[in-house]
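Colleague: Sharing a model prediction with you, sequence too.
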Amino acid sequence: MAELLKGAPVAGAIIERLIARAGQLRSRGVVPTLAIVRVGERCDDLAYENAAIRRCDKIGIAVRRFRLEPDVDQDRLLEVLEEINQDKGIHGCLMFRPLPKHIDERIVCQALNASKDVDCMTDRSLAGVFTGKGPGFPPCTAQAVMEILEYYGVELEGRHATVIGRSLVIGKPVAMLLQAKNATVTMCHSKTRDIAGICRQADILVAAVGHAGTVTPEFTNPGQIIVDVGINSLPEGGLTGDVDFAAVEPMVKAITPVPAGVGSVTTAVLCKHLIEASERAAV
């Protein structure tokens, strides 16, 4: 039986530290504040928003919500972001994506000040992930992977880590974060030849391909640690990851479950980024 790397204790440890830091900010007259921009009412956006607000309330982070209709004009959305940029009382912004098709998402994303970009939606923030410099933050999900590995004491230096997936949201950023910790990183994707054989050599395997059941026992070895980033809906209801959990779990050393794994850490990371942005602004 593999060790289950559950997200709840990781998130709990992060939140405990953030409560103290938020208290220190408030004692100096700084109220850490997150802006949430949501266009329309997608169910998954609402669920994440509610979870983020609950976390913020517990920590002592104020939330300002900007709720816009699905047919909102792009210029109006840009006005909202400029309002957030100019408001010194707002320290970070989370904007739900994808945006409606009539809006140019790239233009809108680049309009946010990178210093308030707590979920890496601007090119400047993404550049910071690759260079290790800059005012932005890594994507919350990619950072959540790193938080889990650190909490459970997984040594990264000199280890072979393989990432399945090359998106700018998870795959590429998490590969850079792993490399920054001196892991040797291999990236795989849909065009990789003998992907199972390559993954089988990994000490640490991060599955971020976005397809249920991609990782099977053929991808694994007995000493392997797997972080499953995938969140896929099942036809009968419920969620599953990118890993065939039932088949893989007995074959590896440790694995994150889905649900209750990486996803449960992302809102804690969002709050961590917000507190860090607040501290930077208060200097």
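Modeller: Arrived safely.

Colleague: what ranges do the strands span in this protein?
Modeller: Ranges of strands in the chain, per DSSP state E, are 3-4, 33-39, 62-68, 92-95, 160-164, 184-188, 204-207, 225-228, 232-233, 239-240, 254-255.

Colleague: Rebuild those strands as CSV, extending it with distance to residue 13 and mean pLDDT.
Modeller: Using the backbone N, CA and C atoms, a C-beta is placed for each residue, glycine as well. Listed next are the strands of the chain as CSV, based on distance: least, Cβ to Cβ, whole Å; pLDDT from 0 to 100:
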stretch, distance to residue 13, mean pLDDT
strand 3-4, 16, 98
strand 33-39, 20, 98
strand 62-68, 22, 98
strand 92-95, 21, 98
strand 160-164, 22, 98
strand 184-188, 26, 98
strand 204-207, 20, 98
strand 225-228, 17, 98
strand 232-233, 28, 90
strand 239-240, 24, 92
strand 254-255, 17, 98
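
Colleague: most tightly surrounded among those strands?
Modeller: Highest mean neighbour count among the strands of the chain (mean count of other Cβ atoms under 10 Å): strand 204-207, with a mean of 28.

Colleague: Kindly state the pLDDT recorded for the spatially most central residue of the chain?
Modeller: Central residue of the chain (Cα atoms, centre = their mean): residue 141, 1.5 Å from the mean position. The score at residue 141 is 97. That number is its pLDDT.

Colleague: Neighbours of the closest residue to residue 96 other than its chain neighbours, how many?
Modeller: Excluding the flanking residues, the one nearest residue 96 by Cβ to Cβ, 6 or more residues apart in numbering is residue 45, at 4.3 Å. By the measure other Cβ atoms under 10 Å, the count of residues near residue 45 is 15.

Colleague: Residue 70 contacts residue 99, correct?
Modeller: No: at 9.6 Å, residue 70 and residue 99 do not qualify as touching, with contact defined as Cβ atoms under 8 Å.

Colleague: how much space between residue 193 and residue 213?
Modeller: 20 Å (Cβ to Cβ, to the nearest Å).

Colleague: which one of those two has more residues nearby?
Modeller: Using other Cβ under 10 Å as the criterion, residue 193 and residue 213 rank with residue 213 on top: 16 against 7.

Colleague: out of everything not next to it in sequence, what's closest to the more buried one?
Modeller: residue 244 (4.5 Å).

Colleague: can you tell me which residues contact that neighbour?
Modeller: 213, 215, 216, 217 (Cβ atoms under 8 Å, 6 or more residues apart in numbering).

Colleague: Contact partners for residue 33?
Modeller: 61, 62, 63, 64, 89, 90, 91, 92, 278.
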